[in-house]
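# Give me coordinates for this.
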Amino acid sequence: MVHTKSQTHLISTDTAARSEFREAIRLFLLDCRFRNLTDETIRGYHVHLHQLQLDLEKWDISLATIHPHDLSRHMIVHMLDSGSAAATINGRIRVCQQFFKFLYLEGKIAFNVATGLKPIKSSRRPLHTFTPDQISLLLKQPDRRLPKGIRDYAIMLVLLDTGIRLAELSQLKVSDIMEEECLIAIHQGKGRKSRLNDFQKAFAEMQIPIDFSTLTYNDIKQYFIGNMLDRKLAGNTINGRIKSCKAFLQFLYREHAIATNLGEQLKLVKTEQKMICTFTKHQIVTLLEQPDRHTFVGLRDYTMMLVLLETGLRLKEILDLRMDDIRWADHELFIHNGKGNKARRVPFQQTCANALRHYIRERGDLKTDVLFVTVNHTRLHSRTFQENLNDYGKSASLRGVRVSPHTFRHSMSKFYILNGGDAFTLQQILGHSTLDMVRHYVQLFRSDVQQQHRKFSPVENMRI
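Model prediction:
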């Protein structure tokens, strides 16, 4: 078959559009894995996006030409006409919202075509349950003279007695039935939560059966905690598993499955306090010299670095800032959604205020009220800023320190303490819920070790 030039061009354009969409889906699903979404969720996203791609190809729509009404009219109307359930349609809508938001933030599309997409109204389905008579009748149906009947009867009885999910039931092994304790070990629950897995595995590796009627604190200490210490697991990992074990043992005690609460005796292991890497004054000065402040991007990045150093904001917090979050009269930034969705006010001083005013003059009046934007007047993506910081670190030839937004946060804490600041106000500025991390900062930075050693060095004072 011979194609004309126009047909060949059309085929190559279609192929390029399909490849572009497939690549967009691949990048989105990869980002989902980075965000630790479950495999089940990612598979669901993939199914919806694959079907969306097929539908858009059928309607001759590509990423370059897609419009909001293509989703609100074509996609939703098509699914309604096809008899799709409201839950299925709303699932597709939620996936589209996440997918096109990701593409917009990554600069793959000019604007977020799913911004105005809303779930359709659906009637809340009633929860169906069996009556006692229905259960009795249902359990009489399997022919228990046959292996299949015995199996189905046992499955229904287990579902009724435990309420476990079908997926959990299908993964059960004979070894998961702890007959003496009248327990079933579910290794992968919804959201991939491990129940008993680490505890059970430790005893299994030592080929020691778990008997909760005779289990002692020394057994747990030797075979569970000792096993993890021998494997040189990280202290935080060990403590996380000990906490899970304590909660499990407390549950068994409350349910009268064990005579004493063994969890009360379990203690967390001491963990090594990692040294926090911070910038030196010279490194900060050198780093701030790297952005070209004659360009908009350079001026923006310089201002952001100065704000991070002045306030200790987290990356998400600085990217979420809006124009009206700057309280000029009070010299404060208002953080609406800090860690744990907690709001707080963070002060800044004159040098930072001057830099912000200079940046805002260059930014100009825009439709968006997001403070830090791209040259295209869209919200700045975290990855873009992190990559820029990394480039500035390389051009400044910084060694032995990670150039990241969080290093600015640590450095702010260091210089605040060295300049005489106290732990309580630092806690409020940083938005920490407890003093634990702030105490660590104080312990590390309450005195400049290099400066004190230079002053009191035994060797230098002996003038050898």
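
# need the strands for the protein, in chain order.
Ranges of strands within the chain are 177-178, 183-184, 326-327, 332-335, 344-347, based on DSSP state E.

# of those strands, which approaches residue 383 most closely?
Nearest to residue 383, of all the strands of the chain, is strand 332-335, at 21.5 Å by CB to CB. Every C-beta, even on glycine, is put in place using the N, C-alpha and C of the backbone.

# buried stuff in that closest one?
For strand 332-335, burial by neighbour count (16 or more other CB atoms under 10 Å) applies to 332, 333, 335.

# surely the second one meets residue 327?
Okay, so that is residue 333. Yes - here residue 333 reaches residue 327: they are 7.3 Å apart, a contact under CB atoms under 8 Å.

# joint contacts of those two?
Here residue 333 and residue 327 have residue 345 as joint contacts, going by CB atoms under 8 Å, 6 or more residues apart in numbering.

# now the nearest residue in space to residue 42 that is not next to it in sequence: how far from residue 26?
Ranked by CB to CB, 6 or more residues apart in numbering and with sequence neighbours excluded, the top spatial neighbour of residue 42 is residue 32, at 5.1 Å. To residue 26, residue 32 is 11 Å away according to CB to CB, to the nearest Å.

# Pick out whichever of these two has more residues nearby.
Neighbours per residue (other CB atoms under 10 Å) separate residue 32 from residue 26, with residue 32 holding more: 19 against 12.

# tell me the contacts of that one?
With CB under 8 Å, 6+ apart, residue 32 has these contacts: 41, 42, 45.

# Number of residues surrounding the second one?
Using other CB under 10 Å, residue 42 has 16 neighbouring residues.

# Could you do the last one as well?
Using other CB under 10 Å, residue 45 has 20 neighbouring residues.

# Next: the first one.
As a burial measure, the neighbour count of residue 41 was computed by other CB under 10 Å and equals 13.

# nearest residue to it other than its sequence neighbours?
Going by CB to CB, 6+ apart, residue 41 has residue 32 as its nearest residue, at 7.2 Å.

# Ok, the last one next?
Using CB to CB, 6+ apart and skipping the chain neighbours, the partner closest in space to residue 45 is residue 95 (5.4 Å).

# Also residue 159?
Excluding its sequence neighbours, the residue lying closest to residue 159 (CB to CB, 6+ apart) is residue 169, at 6.6 Å.

# got a list of what that neighbour touches?
Contacts of residue 169 (CB under 8 Å, 6+ apart): 155, 158, 159.

# Where do the helices of the stretch 101-250 of the chain begin and end?
Using DSSP state H, counting those that start in this stretch, the helices found in the stretch 101-250 of the chain span residues 132-139, 147-162, 166-170, 197-205, 217-219, 226-230, 235-254.

# could I get the ones you listed as TSV with distance to residue 86?
Output for the helices of the stretch 101-250 of the chain, formatted as TSV (distance: least, CB to CB, whole Å):
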stretch	distance to residue 86
helix 132-139	28
helix 147-162	27
helix 166-170	23
helix 197-205	37
helix 217-219	53
helix 226-230	48
helix 235-254	38
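
# So for residue 269, which of these sits nearest?
Across these, closest to residue 269 is helix 235-254 (CB to CB), at 5.3 Å.

# Name the residues of that closest one that are buried.
238, 239, 241, 242, 244, 245, 246, 249, 250, 252, 253.

# Nearest spatial neighbour of the second one, chain-adjacent residues omitted?
So that's residue 239. Using CB to CB, 6+ apart, the nearest residue to residue 239 is residue 268, at 4.6 Å.

# Residue 375 now?
Excluding the flanking residues, the one nearest residue 375 by CB to CB, 6+ apart is residue 296, at 5.7 Å.

# Residue 413 now?
Nearest to residue 413 is residue 441, by CB to CB, 6+ apart, at 4.5 Å.

# What is the burial count for that neighbour?
Neighbour number of residue 441 under other CB under 10 Å is 24.

# mind listing what the closest residue to residue 353 other than its chain neighbours touches?
Nearest residue to residue 353, sequence neighbours excluded (CB to CB, 6+ apart): residue 331, at 6.2 Å. Residues in contact with residue 331 (CB under 8 Å, 6+ apart) are 347, 348, 349, 350, 353.

# Sounds good, over and out.
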